[in-house]
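K.L.:
fold the following.
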Amino acid sequence: MGASPSPSPEAEIAIGSVLDGRYRIDAILGAGGMGRVYRGEHTGIGRAVAIKVLHADLSRNREAAQRFQREALASGRLDHPNIVGVSDFGIVDDGPCYLVMEALEGESLGARLEREKRLPWREALEILRGVLLGLRHAHDRGVVHRDIKPDNVFLAKKDGATVVKILDFGIAKLYAGSPDDPASTRAGLTVGTPAYLSPEQAVGGEIKPASDLYSTTIVLFEMITGRPPFEDKDPLAMLGAHVSRPPPTIAEVVPGLSVPPELEDLIQRGLIKTSTDRINAAADYLSYVDGLLALGARASQTFNTENTPFPAPPPPPGPGIGFAPTASLTPVPATGYHASMQGSMGPPVSAHTSVLPSSTRPISLADAPPIPRSWIKVGVLVIVALAVMVALVAIVGGGGGTAATKQPGPAPTPTAPKAQPQATKPSPEPPAPTKTAPPPEPVKTIGDAIQDAVTPTEERRKELVTKLQTGKTCPDRKAAAIALGELGDPEAIPALKKARVRLAGGVLGIGRKNANYCLKAAAEAAIKKLGGTLK
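P.N.:
You can find the predicted model right below:
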């Protein structure tokens with residue numbers, strides 16, 4: 001098909017036309033007050049894209065055009081799997097501004113919550129984790145989003161894997177400072193969505209990364225309870241609630257819903273009114289979340305994915321650290337290519353899926369290969385040899401062997417027992433204390449794990465490597481491997497490589513098995529995540 005001329009500035013962009021000589025317009029994905037989002041294709045390379053086009057009349061509005069330019073400028077600084085990718089920005093001759101983004105199938109978190117109302121708390125933490133990873137990347141590059149809400153969090157789906165994407169940096173502020181930053185907010189200007197605003201946003205104060213984390217905590221609260229903490233209809237009343245009203249607890253909003261008390265504490269800390277007192281770094285917030293998820297095996301004995309108590313006694317833990325089968329994201333139904341005026345979506349680069357790798361699934365003994373006959377013969381010989389050795393040891397340790405080896409010596413002279421005084425009977429003394437085994441170390445709680453998670457990287461790495469090497473069970477060691485991968489310290493790669501195989505069992509080196517079989521896949525994933533190779 002030949003390239004059609006770009007449409008006039010005042011007309012809607014026609015389906016089939018080519019925008020700015022490069023992007024063929026295939027369909028309308030969504031429309032809003034500021035413009036439309038189209039599904040298109042880059043005619044040069046044949047790549048599917050989503051194109052956000054500002055209304056022609058707004059393109060001549062300086063403030064609207066600056067917001068559009070701000071989104072392009074902020075997104076240009078960012079390149080992360082959990083942030084929607086922006087590849088191009090342009091202005092048609094005396095016409096509309098446009099922004100080119102990656103396109104995806106899936107749905108927004110807002111649409112998911114509208115349909116399901118509430119999510120299991122562990123799945124909510126996994127979604128939150130994706131948001132925090134994207135925010136950490138943005139904050140490290142001096143970009144504050146300022147409008148985190150469910151509609152700006154997208155659950156993208158491809159090939160059964162789900163990845164969280166942050167959308168719409170249209171009101172983002174480059175807080176680190178830049179001479180070409182058009183996002184200089186006027187003093188006293190409130191931006192964002194009232195239900196998710198931080199207290200400092202509500203009063204037009206200085207906005208920093210802690211503001212995004214306040215909004216993120218509100219999203220977490222809504223995922224678990226089905227509503228934001230404050231529900232005032234009047235926008236001014238809503239702003240006042242953020243500034244002065246204490247947030248409710250999960251128990252107050254949904255009585256009877258069972259969640260770990262540490263999760264309640266995390267939410268309350270994330271909603272502290274003063275930004276300097278709340279969690280103010282995405283990396284710290286991630287550490288708290290990882291501390292909760294890393295204790296999945298222990299938590300799964302008390303809570304299931306439906307946020308209700310398990311009956312006692314709890315079932316034995318399955319493969320992984322307990323969260324693996326349930327905490328990962330549930331794939332969302334494909335709804336076709338979708339993009340809203342809030343942003344667009346892109347192909348997942350990394351994802352948490354609900355499907356366990358085959359290397360971690362339990363297998364039946366019926367599926368195991370038969371034991372070779374040669375192994376049986378060797379085993380019989382070994383058992384006979386061991387029996388002979390035991391018999392020899394018994395003979396040597398008996399009376400006959402002892403007499404031959406003991407040196408003769410003078411017979412002991414018997415002595416008369418000393419007479420005990422009969423005058424008074426002393427009060428019976430308490431029996432001498434017997435040596436007892438030291439009390440077992442207390443089991444760590446989720447709160448302990450959260451505290452452990454915020455230790456310095458080197459100290460945390462050493463602690464996790466120790467757990468990886470000395471953990472009592474394979475699931476315990478697997479949890480350490482996963483946590484090392486998330487820690488981001490390449491110094492852990494050698495320990496992870498070594499941990500893939502841990503031979504145990506067998507007789508005289510025969511028939512030994514890999515006791516770390518359940519963590520092999522997790523260790524290799526962590527090695528790759530840290531930039532290492534599997535060689």
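
K.L.:
secondary structure element for Lys165?
P.N.:
In this structure, Lys165 sits in strand 161-166 according to DSSP states H and E.

K.L.:
show me what that strand is packed against.
P.N.:
Contact analysis of strand 161-166 by 3 or more Cβ pairs under 8 Å, 6 or more residues apart in numbering; DSSP states H and E lists helix 121-140, strand 153-158 as its packing neighbours. Using the backbone N, CA and C atoms, a C-beta is placed for each residue, glycine as well.

K.L.:
nearest to Tyr214, of the ones you listed?
P.N.:
Proximity to Tyr214 (Cβ to Cβ) singles out helix 121-140 among those, at 11.6 Å.

K.L.:
count of neighbours near the closest residue to Leu135 other than its chain neighbours?
P.N.:
Leaving aside its sequence neighbours, Leu135 sits nearest to Ala282 (Cβ to Cβ, 6 or more residues apart in numbering; 4.5 Å). Counted with other Cβ atoms under 10 Å, residues neighbouring Ala282 total 23.

K.L.:
next up, the contacts around Ala282.
P.N.:
Ala282 makes contact with Leu132, Leu133, Leu135, Arg136, His139, Pro209, Asp212, Leu213 under the criterion Cβ atoms under 8 Å, 6 or more residues apart in numbering.

K.L.:
repeat that with 6 Å
P.N.:
Leu132, Leu135, Arg136, His139 (Cβ atoms under 6 Å, 6 or more residues apart in numbering).

K.L.:
so where is the stretch 251-400 of the chain shaky, pLDDT-wise?
P.N.:
295-376, 393-394, 396-400 (pLDDT under 70).

K.L.:
what's the answer for the chain, then?
P.N.:
Ranges of the chain meeting pLDDT under 70: 1-11, 32-33, 57-60, 94, 170-192, 295-376, 393-394, 396-456, 506-511.

K.L.:
just to revisit the earlier point, can you tell which of the helices and strands packed on strand 161-166 is closest to Ala14?
P.N.:
strand 153-158 (27.6 Å).

K.L.:
check which helices and strands that closest one sits against.
P.N.:
Applying 3 or more Cβ pairs under 6 Å, 6 or more residues apart in numbering; DSSP states H and E, one finds that strand 153-158 contacts strand 104-108, strand 161-166.

K.L.:
now tabulate those in a markdown table and tack on mean neighbour count and distance to Arg460.
P.N.:
As requested, the helices and strands packed on strand 153-158 are exported to a markdown table (neighbours: other Cβ atoms under 10 Å; distance: least, Cβ to Cβ, whole Å):
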| stretch | mean neighbour count | distance to Arg460 |
| --- | --- | --- |
| strand 104-108 | 22 | 34 |
| strand 161-166 | 25 | 24 |
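
K.L.:
so which of those strands is nearest Leu78?
P.N.:
strand 161-166 (9.0 Å).

K.L.:
which is the next helix or strand following that closest one?
P.N.:
Downstream of strand 161-166, the first helix or strand assigned by DSSP H and E is helix 199-202.

K.L.:
contacts for that following helix?
P.N.:
By Cβ under 6 Å, 6+ apart, the residues outside helix 199-202 that reach it are Gly192, Ile207, Ser211, Leu239, His242, Val243, Lys273, Ser275.

K.L.:
and what about Arg522, helix, strand or coil?
P.N.:
One correction, residue 522 is Ala, not Arg. helix (DSSP: H, G, I helix; E, B strand; the rest coil).

K.L.:
you'd agree it is up against Ala480?
P.N.:
No - using Cβ atoms under 6 Å, Ala522 is not in contact with Ala480, being 9.4 Å away.

K.L.:
in stretch 486-493, which residues are buried?
P.N.:
Buried residues in stretch 486-493, counted by 16 or more other Cβ atoms under 10 Å: Glu486, Leu487, Asp489, Ala492, Ile493.

K.L.:
just the residues you listed: which are in helices?
P.N.:
Glu486, Leu487, Ile493 (DSSP state H).

K.L.:
OK, contacts around the first one?
P.N.:
Looking back up the chat, that one is Glu486. Counting by Cβ under 6 Å, 6+ apart, Glu486 has contacts Asp290.

K.L.:
from Arg460, how far out is it?
P.N.:
Between Glu486 and Arg460 the computed distance is 10 Å (Cβ to Cβ, to the nearest Å).

K.L.:
and Gly142, by the same measure?
P.N.:
Gly142 is 26 Å from Arg460, by Cβ to Cβ.

K.L.:
out of these two, which sits in the busier spot?
P.N.:
For Gly142 versus Arg460, the count of surrounding residues by other Cβ under 10 Å is larger for Arg460: 19 against 16.

K.L.:
and the more buried one, what helix or strand is that in?
P.N.:
Going by DSSP H and E, Arg460 is in helix 457-470.

K.L.:
got the CA positions of that helix in PDB?
P.N.:
C-alpha atoms of helix 457-470 as PDB (Å, rounded to 0.1, in the frame of the first residue of the first chain):
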ATOM      1  CA  THR A 457      23.900  -5.300  50.800                       C
ATOM      2  CA  GLU A 458      27.300  -7.000  51.700                       C
ATOM      3  CA  GLU A 459      26.100  -8.100  55.100                       C
ATOM      4  CA  ARG A 460      22.800  -9.300  53.600                       C
ATOM      5  CA  ARG A 461      24.600 -11.200  50.900                       C
ATOM      6  CA  LYS A 462      26.800 -13.000  53.400                       C
ATOM      7  CA  GLU A 463      23.800 -13.900  55.500                       C
ATOM      8  CA  LEU A 464      21.900 -15.300  52.500                       C
ATOM      9  CA  VAL A 465      25.000 -17.200  51.200                       C
ATOM     10  CA  THR A 466      25.200 -18.800  54.600                       C
ATOM     11  CA  LYS A 467      21.600 -19.800  54.500                       C
ATOM     12  CA  LEU A 468      22.100 -21.100  50.900                       C
ATOM     13  CA  GLN A 469      24.900 -23.300  52.100                       C
ATOM     14  CA  THR A 470      23.600 -24.400  55.500                       C
END
